[in-house]
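Novice: Structure, please.
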Amino acid sequence: MQGLSFKKTLTLRKNLPLPSAPGEARIRVSLAGICSTDLEIAKGYMGFHSILGHEFVGVVEAAPDQAWIGKRVVGEINAACGGCCFCVRGMRNHCSQRTVLGILGRDGSFAEQLSLPIQNLHLVPENLTDEEAVFTEPLAAAFRITEQLATRPEERVTLLGDGKLGLLIAQVLKDRCRLVVVGRYPERNKTLEQWGIQSLSPDQTIPLQHLSDIVIDATGSPKGFDLAQQLVRPQGTIVLKTTCAGRPKVDLAKVVIDEVTVVGSRCGPFAPALEALSRKKVDVRPLITEVFPLKRGKEAFRKAAERGTLKVLLRP
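Specialist: Take a look at the predicted model:
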């Protein structure tokens, strides 16, 4: 088996053993997506040194429950112990003993096969292509915001970032609030307009009376939080979706003075993500930049890191 691994540098490793773990399914990866988190791990984020990747769609090759064999699946990335104080409270994504696919203590999806617990798997609807299904995990992260915040139609919500995740979040929220996307790429304004979403550039001034009830940072930049603080109203809410390898200096005085609520937001629910994809409520086709074979994984990473690139996919 081959896999794209990181340890100081990216390396395509060959002759790897097939993954195997008690109680887990072994999945042949059909397609995997390069996420901004993968790019940050390659800069040192999380200190992870193994096979990268956590977005995937694949087919079950082996499983303790024979009914899963041959099924096309996607998988939640947090493998929980099931018995710690967080698991028993239903907080499996925050399990104190968890491993995380391609991020923490568990080989990821940039390989020909991977292993995950059966309880992490979700069947892919037949009307979805692999190219659509591979977006389930990041789309679930977008839906996590709807679990954490009950947005109202009259609320002003500013979304910072028109990258891969930002464009998914925009589609999830567009009918739930008065949404404005602040992005760096003017060429994406047309796509946002087709979706019925207003967009602004970062240098366009937002009047004081139009400060947002909620600001979502999906910039992928350490500077995103500073901009969010400028745009949120007193007693408003900032949602943080950005993870970075660096440790930026943050001035929290405005958070205290303006009594701003800060919400961290990470992994989300797969069921509404799959439903939205199946019902064509979310369009992921404009987000795919290029598909590479796994053997050209290092080239794929270089492409994914280029300014203006959206989703780069790997086909093992």
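
Novice: phi, psi of residue 145?
Specialist: phi -60, psi -40 (degrees, to the nearest 10).

Novice: should've said residue 113
Specialist: Dihedral angles for residue 113 - degrees, to the nearest 10 - are phi -140, psi 160.

Novice: For it, give its distance to residue 107.
Specialist: Look at residue 113 and residue 107: by Cβ to Cβ, to the nearest Å, they are 10 Å apart. Bear in mind the C-beta positions are built from the backbone N, C-alpha and C, glycine included.

Novice: Now do the shared contacts for these two.
Specialist: Jointly contacting residue 113 and residue 107 under the rule Cβ atoms under 8 Å, 6 or more residues apart in numbering are residue 19.

Novice: Looking at these two, which has the bigger crowd around it?
Specialist: residue 113 (23 against 20; other Cβ atoms under 10 Å).

Novice: Model confidence score at that one, please.
Specialist: Note for residue 113: predicted pLDDT of 98.

Novice: for the record, mean pLDDT for the strand or helix carrying residue 230?
Specialist: In the assignment (DSSP states H and E), residue 230 maps to helix 224-231. Averaging pLDDT along helix 224-231 gives 91.

Novice: same for the helix or strand that that helix is followed by, what does it pack against?
Specialist: The helix or strand immediately downstream of helix 224-231 is strand 232-240, counting by DSSP H and E. Counting contacts by 3 or more Cβ pairs under 8 Å, 6 or more residues apart in numbering; DSSP states H and E, strand 232-240 packs against strand 212-217, helix 224-231, strand 261-264.

Novice: Kindly recompute the last result at 7 Å.
Specialist: strand 212-217, strand 261-264 (3 or more Cβ pairs under 7 Å, 6 or more residues apart in numbering; DSSP states H and E).

Novice: can you list contacts of the longest one?
Specialist: Taking contacts as Cβ atoms under 7 Å, 6 or more residues apart in numbering, the residues outside strand 212-217 that touch it are 145, 149, 151, 155-160, 169, 224-225, 228, 231-233, 236-242.

Novice: With residue 176 as the reference, measure out to the closest residue to residue 168 other than its chain neighbours.
Specialist: Excluding the flanking residues, the one nearest residue 168 by Cβ to Cβ, 6 or more residues apart in numbering is residue 142, at 4.4 Å. For residue 142, the distance to residue 176 equals 12 Å [Cβ to Cβ].

Novice: out of the two, which sits in the busier spot?
Specialist: Between residue 142 and residue 176, counted using other Cβ under 10 Å, the more crowded position is residue 142 (27 against 16).

Novice: Can you verify my assumption that residue 98 contacts residue 76?
Specialist: No - in terms of Cβ atoms under 7 Å, residue 98 does not count as a neighbour of residue 76; the distance is 10.8 Å.

Novice: more neighbours, these two?
Specialist: More neighbours surround residue 76 than the other of residue 98 and residue 76, with 24 against 19 (other Cβ under 10 Å).

Novice: How about the contacts made by that one?
Specialist: 120, 270 are the contacts of residue 76 under Cβ under 7 Å, 6+ apart.

Novice: go on, residue 39?
Specialist: Counting by Cβ under 7 Å, 6+ apart, residue 39 has contacts 304, 305.

Novice: what about the stretch 201-316 of the chain, any weak spots by pLDDT?
Specialist: For the stretch 201-316 of the chain, applying pLDDT under 70 flags the ranges 205-209, 245-248.

Novice: pretty sure residue 202 is touching residue 181, no?
Specialist: No - Residue 202 lies out of contact with residue 181 (Cβ under 7 Å); the separation is 11.0 Å.

Novice: Settle it for me: which of the two has more neighbours?
Specialist: When residue 202 and residue 181 are compared for neighbours, residue 181 comes out ahead with 26 against 11, by other Cβ under 10 Å.
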